[in-house]
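>>> coords below, sequence missing:
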């Protein structure tokens, strides 16, 4: 199979884990591919992914080789593959717009050093780079709340004819107007808001579905998360969180037997704890009633390294987007969106979404 040429918006922790993973799995086989949902997906292996262009706005990353930039501050994720060769691809200056929250400059060790005096690219500039680099897929790793910036890059993907994978909770795939534009242009899109491989939301969904299947009435629940990466620091600005909270809440509500009243469900980012770095800690509580209306409750603590936890899912998103390009399928890819994302246009159960992705990969 040909290489899958990928362009990345935002060279943060998630991009670091994704790129490290491409090198980490090089030389491995299907028998020792721990951490991947699929080794071979439609004929494409993880190592078929090639980063051909990238965008950022931090002066510690812009102008650096991609494989150097992913280890630059303020990135703090686990380094599990550090012996990377130079990629030959330099990080380009991106559009700032609302891609950086104002309060970030108050944190000396974890701030974004904006290149605000640098010439920012126009849409034509970004489209030209996407085309000249031969990008097949554009990965959106902007910070939560980057509404204007996400729309800017979605426009660029449409104009360049590049598949768009929207990993953040800005509603593009799940917005009917945007979805129609990608359908009319026959360009694939997957979104919105990536699910982790085994993270807070997917665990919460599975347990909610378990309550439903075992006849337990779920009466109230919360999901509280803490972390110390720039994602959690960015989310201290609660004004940027409306779509994030909606995305995570709807992912859980859609798995419940009956929707909970707003007062009985709290799902959302909670707090920034600097020393946690890229470690994310989730606290779940679920209260319900068993046989005979007898009360019960469940409490769970989940600790994961946040960015590697999404990288395997991102690798499958990239490969599904490329399969759609190969098959001239445009618009929202509903099965991959439902399986890989928290806020797809159509919510399936996770079992249904899994089976639908297998059928998509097989070309059914």
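Here it is on my side, so go on. Computed from a prediction, not measured in an experiment: that's the story for all the values here.
>>> Show me which positions of stretch 284-293 end up buried.
284, 286, 287, 288 (16 or more other CB atoms under 10 Å). Just so you know, the C-beta spots here come from the backbone N, C-alpha and C atoms, and that holds for glycine as well.
>>> Which ones among the residues you listed lie within helices?
Among the buried residues of stretch 284-293, no member falls in helices (DSSP state H).
>>> Need those in a markdown table (columns: distance to residue 155).
Listed next are these as a markdown table, based on distance: CB to CB, whole Å:
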| residue | distance to residue 155 |
| --- | --- |
| 284 | 38 |
| 286 | 41 |
| 287 | 45 |
| 288 | 45 |
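>>> Could you list which of those residues belong to strands?
Among those, the residues falling in strands (DSSP state E) are 284, 286, 287, 288.
>>> Looking at those, which two lie furthest apart in space?
Maximum pairwise distance among those (CB to CB): 12.8 Å, between 284 and 288.
>>> pretty sure residue 9 is touching residue 135, no?
No: here residue 9 lies out of contact with residue 135, judged by CB atoms under 8 Å, at a distance of 11.1 Å.
>>> Settle it for me: which of these two has more neighbours?
The neighbour count for residue 9 versus residue 135, taken as other CB atoms under 10 Å, is higher for residue 9 (28 against 24).
>>> So for that one, what pLDDT did the model give?
At residue 9, the model reports a pLDDT of 98.
>>> Please report how far it lies from residue 350.
Using CB to CB, to the nearest Å, one gets 28 Å for the distance from residue 9 to residue 350.
>>> can you pull out the helices in the stretch 101-250 of the chain?
Secondary structure of the stretch 101-250 of the chain (DSSP state H, counting those that start in this stretch): helices at 123-133, 147-160, 176-184, 200-213, 230-234, 242-253.
>>> Could you say which of these is packed most deeply?
helix 230-234 (a mean of 24; mean count of other CB atoms under 10 Å).
>>> With distance to residue 330 and pLDDT added, can I get the ones in strands among the buried residues of stretch 284-293 in JSON lines?
Output for those, formatted as JSON lines (distance: CB to CB, whole Å; pLDDT from 0 to 100):
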{"residue": "284", "distance to residue 330": "38", "pLDDT": "98"}
{"residue": "286", "distance to residue 330": "40", "pLDDT": "98"}
{"residue": "287", "distance to residue 330": "44", "pLDDT": "98"}
{"residue": "288", "distance to residue 330": "43", "pLDDT": "98"}
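>>> and of the residues you listed, the nearest to residue 38?
Distance to residue 38 across these (CB to CB) is lowest for residue 284, with 27.4 Å.
>>> residue contacts, that closest one?
If you count contacts by CB atoms under 8 Å, 6 or more residues apart in numbering, residue 284 has them with 200, 203, 204, 207, 221, 222, 223, 298, 299, 300, 301, 302.
>>> For it, give the beta-bridge partners.
residue 223, residue 300 (DSSP bridges).
>>> Distance of it relative to residue 202?
Distance, residue 284 to residue 202, using CB to CB: 12 Å.
>>> quick one, phi psi at residue 49?
Taking degrees, to the nearest 10, you get phi -80, psi 130 for the backbone angles of residue 49.
>>> Residue 252: what's it in contact with?
When contacts are counted by CB under 8 Å, 6+ apart, residue 252 touches 201, 204, 205, 208, 221, 223, 265, 267.
>>> again, only using 10 Å
Applying CB atoms under 10 Å, 6 or more residues apart in numbering, we find residue 252 in contact with 200-201, 204-205, 207-209, 218, 221, 223, 259-260, 265, 267, 284, 286, 342.
>>> so which of the ones in strands among the buried residues of stretch 284-293 would you say is closest to residue 294?
Minimum distance to residue 294 across those is 9.9 Å, recorded for residue 288 (CB to CB).
>>> Just list the residues touching that closest one, thanks.
Residue 288 neighbours (CB under 10 Å, 6+ apart): 211, 214, 216-221, 294-298.
>>> Residue 55: neighbour count?
27.
>>> That one reaches residue 97, doesn't it?
No: here residue 55 does not reach residue 97: they are 11.9 Å apart, not a contact under CB atoms under 10 Å.
>>> list residues touching both of the two?
What both residue 55 and residue 97 touch, as defined by CB under 10 Å, 6+ apart, is the set 142, 149, 153.
>>> List the contacts of the closest residue to residue 166 other than its chain neighbours.
Excluding the flanking residues, the one nearest residue 166 by CB to CB, 6 or more residues apart in numbering is residue 191, at 3.3 Å. By CB under 10 Å, 6+ apart, residue 191 lies in contact with 140, 150, 154, 164-175, 178-179, 182, 317, 332-333, 336-337, 340-345.
>>> Now, these that are in strands?
140, 164, 165, 166, 332.
>>> Out of those residues, which comes closest to residue 48?
Nearest to residue 48 out of those is residue 165 (CB to CB; 15.6 Å).
>>> Quick check: the closest residue in space to residue 256 that isn't next to it in sequence vs residue 218, distance?
Leaving out its chain neighbours, the residue that sits closest to residue 256 by CB to CB, 6+ apart is residue 208, at 5.2 Å. Using CB to CB, one gets 6 Å for the distance from residue 208 to residue 218.
>>> what's the overlap in contacts for these two?
Common neighbours of residue 208 and residue 218 (CB under 10 Å, 6+ apart) are 252, 255, 256, 257, 260, 265, 286.
>>> coming back round to it: now for residue 9 and residue 135: what residues contact both?
Common neighbours of residue 9 and residue 135, counting by CB under 10 Å, 6+ apart, are 53, 157.
>>> Show the buried residues in the contacts of residue 288.
211, 216, 218, 219, 221.
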